[in-house]
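Engineer: Here is my input, please return the structure:
(chains A and B, ligands or ions: 4)
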Amino acid sequence: MPDATPEAMPATTTGARSAGTAGATSAGTAGATSSTPGTRPTLLLVGHGMVGQRFLEALVERGVTDSHHVVVLCEEPRPAYDRVHLTSYFEGKGADELSLTPGGFMDTHGIELRLGERAERIDREARTVTGGSGRVYAYDTLVLATGSYPFVPPVPGKDAEGCFVYRTIEDLEAIEAYAKGAGRGAVVGGGLLGLEAAGALKGLGLATRIVEFAPRLMPAQVDEGGGAALLRTIERMGLTVHTGAGTEAVVTDEDGRVSGMRLTDGSELPTDLVVFSAGVRPRDQLAREAGLKVGERGGISVDEECRTSDPAVFAIGECAQTVDGKVYGLVAPGYAMAEAAADAIAGFPGSFTGADMSTKLKLLGVDVASFGDAHGTAEGCLDVVYADSRSGTYKKLVMDPEGVLLGGVLVGDAEAYGMLRPLTGSVPPVAPEQLVLPAGAGGPVKLGPDALPDDAIICSCHNVTKGQICACGTLPEVKQCTKAGTGCGSCVKTILQLLPQTGDKGLCGCFSYTRAELYEIVKVKRITSYARLLDEHGREEARGGEGCEICKPTFASVLASLAPAIGADGYVLEGEQAALQDTNDHFLANMQRNGSYSIVPRIPGGEITPEKLIVIGEVARDFGLYTKITGGQRIDLFGARSDQLPAIWTRLVAAGFESGHAYGKALRTVKSCVGQTWCRYGVQDSVRMAIDLELRYRGLRAPHKLKSAVSGCARECAEAQSKDFGVIATASGWNLYVGGNGGMTPRHADLLAQDLTDAELIRLIDRFLMFYIRTADRLERTASWLERLEGGLDHLREVIVEDSLGICEELESLMAAHVAGYRDEWAETLQDPERLARFESFVNAPGTPDPTVRFVAERDQMKPDLAVLIPEGALTTR
Amino acid sequence: MIRHGRQATLQLRLGDDWFTVCDAARLQPGRGAAALLPDGRQAALFLDRDGRAYAIDNRDPFTGASVLSRGLLGSASGRTFVASPLLKQRFDLESGVCLDDEGVTVRAYEVRVGNGE
Ligand code: SRM
Ligand SMILES: Cc1cc2nc3c(=O)[nH]c(=O)nc-3n(C[C@H](O)[C@H](O)[C@H](O)COP(=O)(O)OP(=O)(O)OC[C@H]3O[C@@H](n4cnc5c(N)ncnc54)[C@H](O)[C@@H]3O)c2cc1C
Ligand code: SF4
Ligand code: FES
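Structural biologist: Numbers count the residues shown, from 1 in each chain, chains lettered A, B, ... in the order given. Ligands and ions are numbered 1, 2, ... in the order given. Down below sits the predicted model:
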C-alpha cells in the first residue's frame, strides 16, 4: 500500500547546509534570523493542503505577503486541492478542477512554492527547516499545516499488494488502476470517509463491503437510531455492511496480493482490494522531534492564537490540538485556525477557541447531517425523534428543558439542516415536532430563512453570517465577497433563499408576469400584438416603450404555439412578429461567431435517401459551406452569408427539404435507432415512429428546444432516456419517458407510461408537450420544469394521464391545431420577394456581400477567418 | 433622431455631409438594417416604434463581427438600446455606450429623415 504514515518514513537528517542551496532563502548561516538579509522577514509554511492555502489567502488579505517573504513547502506533487471533494475525482473531475489554488496566485503575491518538497527536520535554535531535497530554509516565523495521515490498524497483511488508503489524488489513482482487475472491494471503517470510499468502490463497479468496528455506521456523527436508518438505506443500495466486527488480518494469495479478510468475529470475507479508512491521526511527527509540545493523544498543542509551545512556530488545521483539547478532522475549524494564526502574525486580534462540529454530507446519495450536541450529552436534555424505517428517514432534535435547541441528527432527509443549525442555541419559533415531522403529518413547518437572526452563521466553512450574505446581491457576489458557499457547498441552498430575486418573479423589466401567466393572458384575451400586450399588461414604467430582448422573443414564442388557436398568423415573420424574433428566428438560421449562418435541413428520424444526401453535398460544394454531421443525426452546413440563405434554401426546398428549426426554441430532432427492420434485437419499427413523431411536432415552438428519440428495444441505442420525451419499444408497445436532458445538467427521463399503442403514445405526448408549453418558464427545458413542478411526476401523471384538471381535451385540440396549421417556414419565405429583402447584407447596396465575413481553409474545408474581426483598435474606450 | 414623414429618406451625418442611405420606409420598426458607408465602414440603422431613427456602428466590439443591426431593440429607463445578437450586450442607441460595460462605446451617428437634399 502507498506509505502514508510519516512514522514509517523517519525524517532523514541530511546535513546539507551549504550556502545558497535554498534559492532565495539562502540559509547557509546557522542561526540566521532573516533569509533575505536586511529586508523582509521570512514566513515558512510547511504543508500546502486545504488549510495551508486558506492561510496563504488570509495572509494576502492582511498584507502579510507584502511585509514578509513567504515560502511554502508542499510535499505533494501539486498545489493545494479540494480534499473534501476528492471523491469527485472518480466522477471525472480532473486534478485541475479540484485545485484550490487560482492560477497565478503564487506569482501575484510573490509566494515561493516548493512542490514535492517535504520538511524533514526543524532546528528551532537555528530557525531552519531542512527539506527532503537537502535544502535548508531559514524562517522567522514557521507555520505547520501538515494535516493528517490515514490510520492503518497494525494487522498482518496490511502492506500487501491491494491495500490502500484514501487521502490524496495519488491514492485514488492507485485505487482506480487496481480496481480494473478486481471484482470485490472492502472498506475498513464505516465512518464518514469509509462510506465515501465505499461509494467510490461501488462506483468503480466492485461488489463492496464495509467493515465497521463500532456497533453502528458513522459512530462519531449519528446516534443509534440514525445509524440504523443509514444502514438500511445503504444495504438497499446493494452494499454489504458488517458492524461490530474488527479486522484481524488481511489474507493474501501466493503472489502476496490481497485475497480476503479475516474478521474478529471469526468470519472470513473474500475481497480483491482493501481500503483502510479507520480514522486519521495528526501529522505531528516533525513537531514532536523538534521538541514542541504535543497532546496526549496526538496533535501539536497550540494556544488561542494557534501558537505552539515555541512562540515562533504556529500549527493550524488537522495537525493541531486546539485550546479546547480537540483535534478537529473537518475543514471549517481548520479555516478558522488559519484566520486566527494570520491575525496573530499580522498583529490583529483574533483567536480560535473551538468550533462547531456540524456536518452535512451526501454519502452514497443519502443526506446525513449532525449539528451541535448531536449525541445529547448535556444534562437534562430531551430528544424529539421521528423515524421511518421504510423511507430510511431519521430525525432527532436535542432540546434543553427550556426548549432551547441544542443539536440534532438528520438522516435521509436533511432539508431542514440549513435552518436548524443556525437556530442552535435559541428557542425555535415553532414547536420542535413540527420541525421533524414529514409533510402531511402536521409538518414540516418550512422555516424560512427570515426566521434567522442576522448574526446566524450560514456558512460554517467560512464563518459567514446571514447579515454578511444579505449585504450581497447575487450568489457569485456572495462567493466573491465572503467566500460563503465555496467550501463544502452545503450552505448554497440557504444562501439562495436569502438573496432577493425571490420577490419578483416577473419575466423581465417590462413584465411582472411569469411566462406561464403571459401565456394565459395571451390565450384568454387573444392578444396577437406585442405592443398591445406591453401597453395593457406591462409594468407601468415599461408601457409605451420598446420592450426588451427578453420578453419580445418570449411573446413571439407564445404566439407561435398558440397562433392557430387564437387566430393569429402562424408564419413567424409576419408583420410585427418579425421584429420580435431573436436573430436566429429572424433569419431562419443560426448565427455563428463571425456573423455568418448555419443551415440545418430537417432529416426526420435521421433517415435520408442517397439522392437527398447528394443534394446536400452539391449545395455545400457550390456555396463553399463547411459540412458536419451533428450530434442530432443530421447535417449542418456552416458559413453562409445572410444574402446567400435564400439561394441555398431554394435549392434545398426544391429537393424536398424543410427547415430543421435548429435556430428556434422548437422541436429539434427525433433520433432513432435502426430498429426492428434491420436490427436482430428490435421489437418495433423505431424509425417509422421517430419519423411520425418528428413530422407531427415539427415547427412546434416551446419555452426551450425540444428533443426526442425512439429506440427499437431496451438496448436503447437512440438514447431516448436523455430526451425531453423519449420512446422505447417493448414487445407489446411503447414506453414513454419524459423530462430527460443531456447538456449542462444531464437528467435521466422518468417513465411516464408503459406498453402504449401508437395512438395512446401520441395522445400522451400531445398532452405532455402542450402542458409544458403552457406552464414552463422561458428557457426552461422539460427536465428543470419537471423538477420544479409541484408534486413532480405524480402530479404530471394526474394531469395528463388521469386528466385531474380536466384540460386534456383542450391540450389535445391545441396540438391538433398546430399539426393542421404547420407550414414550412423556408418554403413560405421564398415565395415572397419582399420577405427576401431582409436577407440582403446592406439596405443601401443590394447584392454586395458583407466583406467582413471571410473564411480560411482547414482540413480541406473552411472555417471563419477570425483575423478580419479584430482590426483597428478592437474596443473603443471613452 | 427625428420623426420621419412619408417617402422620406434616411440620412447619416458623415463629417460635414449628410449621406443618404435609403428610404426610411425600408426599415421595420423594432428591427435594424445594415448600411455600407463610403469609407467601407458599416452602420446599423434602427427605427423604434414611434418612428425615431438611430444609427450606430454595425461592428459588435465584443466579438468583432458586424452584426449589431441584427439585434433586438428594447428600452430601459427611457433609453432605447439594441442587444447584440451574439453575446447579448446592450448598446444605447443615442450615445453608443454599452449599458452592460460602460467602458465600451461604439460610434453613434447623427441621423435625420429628410426629403433627399
Ligand atoms: C450542431 C450541434 C453540435 C454538433 O456539431 O453536433 C449543436 C450546436 C449548438 N448547440 Fe447543441 N448542438 C448539437 C447537439 C446537441 C446535443 C446532442 C443531441 O441533441 O442529441 C445536446 C445535448 C442534448 C440536450 O440538449 O439535452 C446539445 C446541448 C446544447 C445545449 C445545452 C442544453 C441544456 O439543456 O443544457 C445548448 C445551450 C442552450 O440551448 O441553451 C446548446 C446550444 C447549441 C448552439 C445552438 C449554441 C448557440 O447558441 O449558438 C450551437 C449552434 C451551432 C449552430 O449554429 O448550428 N446545445 N446540443 C448539434 C446539433 C444537433 C441538431 O442536429 O440539431
Ligand atoms: C475523502 C475525504 C473527504 C472529506 N470530506 C470532508 C467533509 O465533507 N467535510 C469536512 O469538513 N472535511 C472533510 N474531509 C477532511 C478535510 O479534507 C480536512 O479536514 C482538510 O483537508 C484538512 O486540511 P489540512 O490543510 O489541515 O490538511 P491536508 O489537506 O491534509 O493538508 C496537509 C498537507 O501537508 C502536507 N504535509 C504533511 N507533512 C508535510 C511535511 N513534512 N512537509 C511538507 N508537506 C507536508 C501533506 O502532504 C498535505 O498536502 C475529508 C477528507 C477526505 C480525505
Ligand atoms: S436499440 Fe435495440 S433495436 Fe435499436 S439498434 Fe439498438 S439493439 Fe437494435
Ligand atoms: S458551509 Fe461549507 S461552504 Fe458554506
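
Engineer: Look at the residue of the stretch 701-850 of chain A found nearest ligand 1 and report its pLDDT.
Structural biologist: Residue of the stretch 701-850 of chain A nearest ligand 1, by Cβ to the nearest ligand atom: residue A:743 (2.3 Å). In short, each C-beta sits where N, CA and C put it, glycine included. Looking at residue A:743, its pLDDT reads 82.

Engineer: Please list all residues in contact with it.
Structural biologist: residue A:781 (Cβ atoms under 8 Å, 6 or more residues apart in numbering or on different chains).

Engineer: just residue A:729 next, same as before
Structural biologist: Residues counted as contacts of residue A:729 (Cβ under 8 Å, 6+ apart) are A:675, A:676, A:682, A:683, A:684, A:686, A:689, A:710, A:711, A:712, A:713, A:735.

Engineer: Repeat the analysis, applying 7 Å as the threshold.
Structural biologist: Residue A:729 makes contact with A:683, A:684, A:686, A:711, A:712, A:713, according to Cβ atoms under 7 Å, 6 or more residues apart in numbering or on different chains.

Engineer: give me phi/psi at residue A:244?
Structural biologist: Torsion angles at residue A:244 (phi, psi; degrees, to the nearest 10) stand at phi 70, psi 20.

Engineer: The closest residue to it other than its chain neighbours: helix or strand, and which one exactly?
Structural biologist: Using Cβ to Cβ, 6 or more residues apart in numbering or on different chains and skipping residues adjacent in sequence, the residue nearest residue A:244 is residue A:215, 4.8 Å away. Residue A:215 is part of no helix or strand when elements are defined by DSSP states H and E.

Engineer: Model confidence for residue A:215, exactly?
Structural biologist: 87.

Engineer: now chain B, which segments are flagged as low pLDDT?
Structural biologist: Residues of chain B meeting the criterion pLDDT under 70: B:1-7, B:115-117.

Engineer: which parts of it sit against ligand 2?
Structural biologist: On the criterion Cβ under 6 Å from any ligand atom, ligand 2 has no neighbours in chain B.

Engineer: Save the contacts of residue A:729 as TSV, and put in pLDDT, distance to ligand 2 and neighbour count too.
Structural biologist: What follows is the contacts of residue A:729, written out as TSV (pLDDT from 0 to 100; distance: Cβ to the nearest ligand atom, whole Å; neighbours: other Cβ atoms under 10 Å in any protein chain shown):
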residue	pLDDT	distance to ligand 2	neighbour count
A:683	92	45	17
A:684	93	46	23
A:686	96	44	30
A:711	97	38	28
A:712	95	43	28
A:713	94	40	20
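
Engineer: Make a markdown table from those residues and add distance to ligand 4 and secondary structure to it.
Structural biologist: Shown next, in a markdown table, are the contacts of residue A:729 (distance: Cβ to the nearest ligand atom, whole Å; DSSP: H, G, I helix; E, B strand; the rest coil):
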| residue | distance to ligand 4 | secondary structure |
| --- | --- | --- |
| A:683 | 49 | coil |
| A:684 | 49 | coil |
| A:686 | 46 | helix |
| A:711 | 41 | strand |
| A:712 | 47 | coil |
| A:713 | 45 | coil |
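
Engineer: What is the most widely separated pair among the residues you listed?
Structural biologist: A:683 and A:711 (10.0 Å; Cβ to Cβ).

Engineer: ok, the residue of chain B found nearest chain A to residue B:98 distance?
Structural biologist: Residue of chain B nearest chain A, by Cβ to the nearest Cβ: residue B:64 (2.9 Å). With distances taken as Cβ to Cβ, to the nearest Å, residue B:64 is found 15 Å from residue B:98.

Engineer: again, but for residue B:54
Structural biologist: 15 Å.

Engineer: cool, residue A:589 as well?
Structural biologist: 26 Å.

Engineer: what does the stretch 701-850 of chain A have sitting close to ligand 1?
Structural biologist: Residues of the stretch 701-850 of chain A lying near ligand 1 (Cβ under 6 Å from any ligand atom): A:705, A:707, A:741, A:742, A:743, A:744, A:781.

Engineer: Mind putting the residues you listed into CSV with secondary structure?
Structural biologist: Shown next, in CSV, are these (DSSP: H, G, I helix; E, B strand; the rest coil):
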residue, secondary structure
A:705, coil
A:707, strand
A:741, strand
A:742, coil
A:743, coil
A:744, coil
A:781, coil
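
Engineer: Out of the residues you listed, which two sit at the greatest distance?
Structural biologist: That would be A:707 and A:744, which, of those, are the farthest apart (Cβ to Cβ) at 13.9 Å.

Engineer: More neighbours: which of the two?
Structural biologist: Between residue A:707 and residue A:744, residue A:707 has the larger neighbour count (other Cβ atoms under 10 Å in any protein chain shown), namely 24 against 6.

Engineer: tell me which element the residue most central in space within chain B is part of?
Structural biologist: By Cα atoms, centre = their mean, chain B has its centre lying nearest to residue B:55, at 2.5 Å. Using DSSP H and E, residue B:55 falls within strand B:53-57.

Engineer: Next, the contact list for residue A:558, please.
Structural biologist: Residue A:558 neighbours (Cβ under 7 Å, 6+ apart): A:518, A:519, A:522.

Engineer: hang on, the earlier thing: do you know how far the residue of chain B closest to chain A is from residue A:598?
Structural biologist: From residue B:64 to residue A:598 the distance is 19 Å (Cβ to Cβ).

Engineer: What of residue A:867?
Structural biologist: 21 Å.

Engineer: of the two, who's got more company?
Structural biologist: For the pair residue A:867 and residue A:598, the greater number of neighbours falls to residue A:598 (20 against 10), based on other Cβ under 10 Å.

Engineer: and that one, what are its bridge partners?
Structural biologist: residue A:590, residue A:638 (DSSP bridges).

Engineer: before we move on, the earlier item: what's the neighbour count on the closest residue to the residue of chain B closest to chain A other than its chain neighbours?
Structural biologist: Setting aside the residues directly before and after it, residue B:64 is nearest to residue A:869 in space (Cβ to Cβ, 6+ apart), at 2.9 Å. The tally of other residues near residue A:869 (other Cβ under 10 Å) stands at 20.

Engineer: Check which helices and strands whichever strand or helix holds residue B:33 sits against.
Structural biologist: For residue B:33, the element it lies in under DSSP H and E is strand B:32-36. Counting contacts by 3 or more Cβ pairs under 7 Å, 6 or more residues apart in numbering or on different chains; DSSP states H and E, strand B:32-36 packs against strand B:42-47.

Engineer: for the stretch 51-200 of chain A, what spans make up the helices?
Structural biologist: Remark: helices assigned in the stretch 51-200 of chain A by DSSP state H, counting those that start in this stretch are A:64-67, A:95-98, A:105-108, A:169-179, A:192-203.

Engineer: and the ones you listed, which one's lowest on average pLDDT?
Structural biologist: Looking at the helices of the stretch 51-200 of chain A, the bottom one is helix A:95-98 with a mean of 84.

Engineer: do it and ligand 2 meet?
Structural biologist: No. Using Cβ under 6 Å from any ligand atom, helix A:95-98 never reaches ligand 2; the gap is at least 11.2 Å.
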